[in-house]
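Asker: 3D, please:
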Amino acid sequence: ADSTGGVLLWTLNASASDATSQQLSTAKIPIRSLAVMADGRVLAGDAVGRIHVWSAEGKLLATLKGHQGTVTSLAAEPGGQRFVSGDDVGGWRQWRQQPRAVESLLVGQTAVNSLRFHPSRPELALAIGDGTVQIRTTQGRLLQVWSARMSGHLSSVDILPGGEELVVAGSTGRVRLWSWRGVEGQLKRADTASVTAVRVTPRPEGKILAGSGDGTLWIWPVRGEGRKRLEAHQGGTHALAVHPSGERFASTGQDGRVRIWSEAGDAVGGANLSKQPLAALGYSPDGKRLAAAGHEGRLFLLDERGGVQRSFPTYQTRITALAFAPGQELIASAGSDGSLKLWDYSGRPVFVAEEILGHTLYGLDFDPLGANLAAAGDDGRLIYLRISNLNALLRRGCSWLADTLQRDGTLRELKDACQDMPTTK
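Answerer: Now for the predicted structure:
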């Protein structure tokens, strides 16, 4: 490592004189300490208090924050999962490796704007900013790729009941059906310049729902002709969420409102939540909760009619995506600062990854079993978070934040959420 932020990862070949190197990027901040974990993960402490973690293959896994000064020392436990770090102002911290694998894969040269897991197969669909659709396995292997035949970028993707078809939308105001293997289907048109979000209701006679940049909502039957136009949000509709029953759906947008609709398009509830735009929305698997968030960085939990049950700060610059975990009381939030965080329903932090991409995250989805969380954003990378022991994650999340909560009296809500949670060292 050197003072320009360069870190070289060397691989020794047949002899010590025969070696190859790989450049690891750290945003040109001077590196002041290095260590290697037992599993080959590389740790680098920089001059602004951060610790960068790379896999043995050179993939950036996380950037950890917690020091007020330069990270001058790092030491890994021999054969273990812990390491300690120290800084030049007398602070030190003890860390554990995350109890799950975080994997990163470059899938394109432009943004991944949306992704959805298949309802029954270990596969997922990606809507890419270059106008293509990708089908990949949950291990990242590319199965199919095709052009969606829409000029401009793709903004959203969803999967029809049964999993044999998907629907994509883009910047041209069009929505198109495709088979899961790339056979072109019916085209739906909206009288708008762009479609920002698309969802499908999970019923045999289901509807295709689309939100637009001009604030309107559009409803089409999956099969057949006809459409319905709704005036939904002032300034733009940013996100849609469908209730698990398929009998209603929710929308949110630039005006900071959440609106709840029947499947037919009648307004049945909602709430004014924020003076700032809301960009993310999702129903819990049991349909009893609706989550909303946006530019304010606050996560709101609503009941089925739109009443606020709870809200809490996420300390993310701007929340761009939300997802509920199937079978677990767990919510994931993604931010424009590249952060990915997991919360339980009371607002306790379960997992915190700052700058997991270093860029805005747009797509976020759990697989049907809640075992994998996929995230993607504007740098063309796909991130997999392998969810494991959630009780351990709860304890560890509060443990990671313990020092900050003691120092910063403004974090009262997080401190209250963690006070009854035993921490680990």
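Asker: contacts, neighbours, all on C-alpha from now
Answerer: Will do.
Asker: any weak-confidence spans in the stretch 1-150 of the chain?
Answerer: Low-confidence segments of the stretch 1-150 of the chain, defined by pLDDT under 70, span residues 3-5, 11-20, 25-27, 79-80, 97-102.
Asker: who does Arg381 bridge with?
Answerer: Arg381 forms beta bridges with Leu106, as assigned by DSSP bridges.
Asker: give me the pLDDT value at it.
Answerer: pLDDT for Arg381: 87.
Asker: pretty sure it sits against Asn113.
Answerer: No: when contacts are counted by CA atoms under 8 Å, Arg381 is not listed as touching Asn113 (10.8 Å).
Asker: quick one, which of the two is more surrounded?
Answerer: Asn113 (27 against 20; other CA atoms under 10 Å).
Asker: which strands or helices does the helix or strand where Ala293 lies pack on?
Answerer: Element membership of Ala293, judged by DSSP states H and E, is strand 290-294. Counting contacts by 3 or more CA pairs under 8 Å, 6 or more residues apart in numbering; DSSP states H and E, strand 290-294 packs against strand 278-283, strand 298-302, strand 319-324.
Asker: tell me the helix or strand right after the second one.
Answerer: Right, the one you point to is strand 298-302. Counting by DSSP H and E, what follows strand 298-302 is strand 308-313.
Asker: just the buried residues of that next one, please?
Answerer: Val308, Ser311, Phe312 (16 or more other CA atoms under 10 Å).
Asker: residues contacting that strand, please?
Answerer: By CA atoms under 8 Å, 6 or more residues apart in numbering, the surrounding residues in contact with strand 308-313 are Gly297, Arg298, Leu299, Phe300, Leu301, Leu302, Asp303, Ser346, Gly347, Glu413.
Asker: could I get the average pLDDT for it?
Answerer: 94.
Asker: that one vs strand 290-294, what angle?
Answerer: Angle of strand 308-313 versus strand 290-294, following axes from the mean of the first three to the mean of the last three CA atoms, to 10 degrees, is 40 degrees.
Asker: for strand 308-313, list the C-alpha coordinates in PDB.
Answerer: Provided in PDB are the C-alpha atoms of strand 308-313 (Å, rounded to 0.1, in the frame of the first residue of the first chain):
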ATOM      1  CA  VAL A 308     -48.600   5.400  10.500                       C
ATOM      2  CA  GLN A 309     -47.600   2.700  13.000                       C
ATOM      3  CA  ARG A 310     -44.000   3.700  13.400                       C
ATOM      4  CA  SER A 311     -41.200   5.700  11.800                       C
ATOM      5  CA  PHE A 312     -37.500   5.800  12.400                       C
ATOM      6  CA  PRO A 313     -34.400   7.400  10.900                       C
END
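Asker: partner strands of that strand, with direction?
Answerer: Its sheet considered, strand 308-313 pairs with strand 298-302 (antiparallel) by DSSP bridges.
Asker: could I get the pLDDT score of Glu263?
Answerer: Note for Glu263: predicted pLDDT of 91.
Asker: check contacts around it.
Answerer: With CA under 8 Å, 6+ apart, Glu263 has these contacts: Thr201, Lys207, Gly246, Glu247, Arg248, Phe249.
Asker: those in strands, which ones?
Answerer: Among these, the members falling in strands (DSSP state E) are Lys207, Arg248, Phe249.
Asker: rewinding a little: in a markdown table: the helices and strands packed on strand 290-294, plus distance to Thr137.
Answerer: Below are the helices and strands packed on strand 290-294 laid out as a markdown table (distance: least, CA to CA, whole Å):
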| stretch | distance to Thr137 |
| --- | --- |
| strand 278-283 | 24 |
| strand 298-302 | 31 |
| strand 319-324 | 19 |
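Asker: closest one to Gly162 among the ones you listed?
Answerer: Proximity to Gly162 (CA to CA) singles out strand 278-283 among these, at 19.8 Å.
Asker: Ser156 is in contact with Ala169, isn't it?
Answerer: Yes: Ser156 is within contact range of Ala169, at 5.3 Å (criterion: CA under 8 Å).
Asker: which residues do those two both contact?
Answerer: With CA under 8 Å, 6+ apart, Ser156 and Ala169 have common neighbours Thr196, Ala197, Val198.
Asker: next, count neighbours for the first one.
Answerer: When you say that, I think you mean Thr196. Residues within reach of Thr196, counting by other CA under 10 Å, total 24.
Asker: ok, now the second one?
Answerer: When neighbours are defined as other CA under 10 Å, Ala197 has 27 of them.
Asker: list the contacts of it.
Answerer: So Ala197 contacts Ser155, Ser156, Val157, Ala169, Ala210, Gly211, Ser212, Thr237, His238, Ala239, Leu240 (CA under 8 Å, 6+ apart).
Asker: do the same with the last one
Answerer: Contacts of Val198 were listed using CA under 8 Å, 6+ apart, and they are Ser156, Val157, Asp158, Val167, Val168, Ala169, Ile208, Leu209, Ala210, Gly211, Leu240.
Asker: from the contacts of Glu263, which would you call buried?
Answerer: Buried among these (16+ other CA under 10 Å): Thr201, Lys207, Gly246, Arg248, Phe249.
Asker: check contacts around the third one.
Answerer: So the one you mean is Gly246. Counting by CA under 8 Å, 6+ apart, Gly246 touches Thr201, Pro202, Arg203, Gly206, Glu263.
Asker: and which of the residues you listed is nearest to Gln276?
Answerer: Closest approach between the contacts of Gly246 and Gln276, by CA to CA: Glu263, at 27.0 Å.
Asker: and the furthest pair within the contacts of Ala197?
Answerer: Most distant of these, by CA to CA, are Val157 and Thr237, 15.7 Å apart.
Asker: Ile319 against Ala291, yeah?
Answerer: No: using CA under 8 Å as the test, Ile319 is too far from Ala291 to be in contact (11.7 Å).
Asker: give the buried residues for stretch 275-294.
Answerer: 276-285, 289-294.
Asker: repeat for stretch 37-53
Answerer: Result for stretch 37-53 [16+ other CA under 10 Å]: buried residues 37, 41-53.
Asker: and which of the residues you listed is nearest Ser73?
Answerer: Gly45 (7.4 Å).
Asker: how close does Leu115 sit to His233?
Answerer: 24 Å (CA to CA, to the nearest Å).
Asker: more neighbours, these two?
Answerer: A count of neighbours by other CA under 10 Å puts Leu115 above the other of Leu115 and His233, at 29 against 24.
Asker: from the contact counts, what lies against the helix or strand hosting the more buried one?
Answerer: Of the helices and strands defined by DSSP H and E, Leu115 is found in strand 112-117. The contact analysis (3+ CA pairs under 8 Å, 6+ apart) places strand 112-117 against strand 123-128, strand 154-159, strand 361-366, strand 372-377.
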